[in-house]
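Chemist: here is my input; please provide its structure:
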Amino acid sequence: MTAPDSPTRLSPDPVPTPFTRGVRAVSGNRAALVLLVTQNVASAVLIGLGLPLGTSLLGAFVAVVLVGLVAFPKSLRALVQDSRWRTPPSWGLAIAAFVLAFLASRAFALVFVALWPGSAEAIPQFLSRGADLWVLLLAAGLLVPFAEEVAFRGLMMRGHERAAGFTVAAVTSSLAFAVAHGVPASVAGILPLAYALARLTQHTGSLWNAVIVHALNNTLAVTAGAFLAGRDLGDRGQATDMLGNPALAVPLALGAGLFGVAVLVVLHLWLTPRPDPQERAAPGPWLSGAFVAVVLFGVVAALFTLPGFQQMMSDVRGIMR
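Modeler: A predicted model of the protein is given here:
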């Protein structure tokens, strides 16, 4: 006598595993490098053709999108399917983080400018007037931050997280993003902001919070540039002279540095990463030639802003004539 037929279980149910077909560290590094080169080359070409700043940055954004879609379709598809993309933002938390990140950023920038007053002249300004101002607000205030967050916090940092963990990813992506801006005084101010963006993304699990903070920061810069455009800034020399006085500059730098470090520590302790199955889901090296190229790009750009290097190049041009 045989038992009644019953379903035969050939194998146990598969054990859930972390998402293993996500963004790769190497692909994230390449995407950040391509964005950096495309954005700078396209904007420089358009400005060279006589287009205003806002229109040039808008054209550069279009170029970045087209190149990204062609060069990195798999990485972008993986990002769109990622929880970082699908998790909605937390506006209140993002705005609170922006306030602290803004304070830390300006404090560190003040330290650099106080110790090296001449560096303030090299900081790029978002200056525009007329109809182009609205284009600049759209491009520099919203679209460029979105593209940079996709490249650095979306692709690069996510790839580094999957390869080496949260801490390494936050530090490496922040360093690359800050150094890529080239101007030393800007790097000093952007580094704490970049770290806050990284920790905010890891804390909330949403890339959109970093986009919000980045957009607020750039919009504020564009608005300040619009306010200053065409105004008499003759008192800037007096401010530079005050900062050049060691009796005032050193205590100011020390106070600003202590304040910036304190704010950054608060951000670090507050924005702790939340558990994520993708952390170390694809262990491996995060460093690649593309990452090194991003850093070298910023270092070379920084050299061109140094007064000594500019004087040397001027002397070389004089000899060649």
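Chemist: spit out the contact partners of the closest residue to L216 other than its chain neighbours.
Modeler: Of all residues not flanking L216 in the chain, F98 sits nearest, at 5.0 Å (Cβ to Cβ, 6 or more residues apart in numbering). Bear in mind the C-beta positions are built from the backbone N, C-alpha and C, glycine included. F98 makes contact with I212, V213, L216, N217, according to Cβ atoms under 8 Å, 6 or more residues apart in numbering.
Chemist: tabulate those residues (TSV), appending secondary structure.
Modeler: Shown next, in TSV, are the contacts of F98 (DSSP: H, G, I helix; E, B strand; the rest coil):
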residue	secondary structure
I212	helix
V213	helix
L216	helix
N217	helix
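Chemist: nearest to F152 among these?
Modeler: Using Cβ to Cβ, V213 is the member of those that lies nearest F152, at 12.9 Å.
Chemist: residue ranges with poor pLDDT in the stretch 1-150 of the chain?
Modeler: Along the stretch 1-150 of the chain, segments meeting pLDDT under 70 span 1-20, 120, 127-128.
Chemist: show the end-to-end separation of stretch 78-92, please.
Modeler: Stretch 78-92 has an end-to-end distance of 28 Å (Cα to Cα, to the nearest Å).
Chemist: centre of the chain versus it, how much separation?
Modeler: Offset of stretch 78-92 from its chain centre (Cα atoms, centre = their mean, to the nearest Å): 18 Å.
Chemist: same check on stretch 267-275?
Modeler: Using Cα atoms, centre = their mean, the offset of stretch 267-275 from its chain centre is 19 Å.
Chemist: the closest residue to A169 other than its chain neighbours - how many residues pack around it?
Modeler: Nearest residue to A169 in three dimensions, chain neighbours excluded: H160, at 3.6 Å (Cβ to Cβ, 6+ apart). H160: 28 surrounding residues under other Cβ atoms under 10 Å.
Chemist: what segments of the stretch 1-150 of the chain are helices?
Modeler: Using DSSP state H, counting those that start in this stretch, the helices of the stretch 1-150 of the chain run over 25-48, 53-71, 73-80, 83-86, 91-115, 131-138, 144-149.
Chemist: out of these, which comes closest to S186?
Modeler: With distances scored as Cβ to Cβ, the stretch of those nearest to S186 is helix 91-115 (7.6 Å).
Chemist: and the gap between V23 and L271?
Modeler: Computed with Cβ to Cβ, to the nearest Å, the distance linking V23 and L271 is 21 Å.
Chemist: of the two, which one has the most company?
Modeler: V23 (31 against 24).
Chemist: tell me who's in contact with that one.
Modeler: Taking Cβ under 8 Å, 6+ apart, one finds S75, A78, L79, D82, G154, L155, R158, G159, R162 in contact with V23.
Chemist: out of these, which is nearest to N40?
Modeler: Taking those together and measuring to N40 by Cβ to Cβ, the closest member is L155, at 18.1 Å.
Chemist: just give the closest residue to that closest one, not the sequence neighbours.
Modeler: Leaving aside its chain neighbours, L155 sits nearest to G28 (3.9 Å; criterion: Cβ to Cβ, 6+ apart).
Chemist: what is the burial count for G289?
Modeler: 12.
Chemist: should've said L254
Modeler: By the measure other Cβ under 10 Å, the count of residues near L254 is 13.
Chemist: name the SS class of it, please.
Modeler: Quick answer, by three-state DSSP: L254 is helix.
Chemist: which residues touch G205?
Modeler: Contacts of G205 were listed using Cβ under 8 Å, 6+ apart, and they are S83, R84, T87, R274, D276.
Chemist: return the members of these classed as buried.
Modeler: Neighbour counting with 16 or more other Cβ atoms under 10 Å marks R84, D276 as buried within the contacts of G205.
Chemist: closest to I190 out of the helices of the stretch 1-150 of the chain?
Modeler: helix 91-115 (6.8 Å).
Chemist: pull the distance from the closest one to the chain's centre.
Modeler: Relative to its chain's centre, helix 91-115 lies at 14 Å (Cα atoms, centre = their mean).
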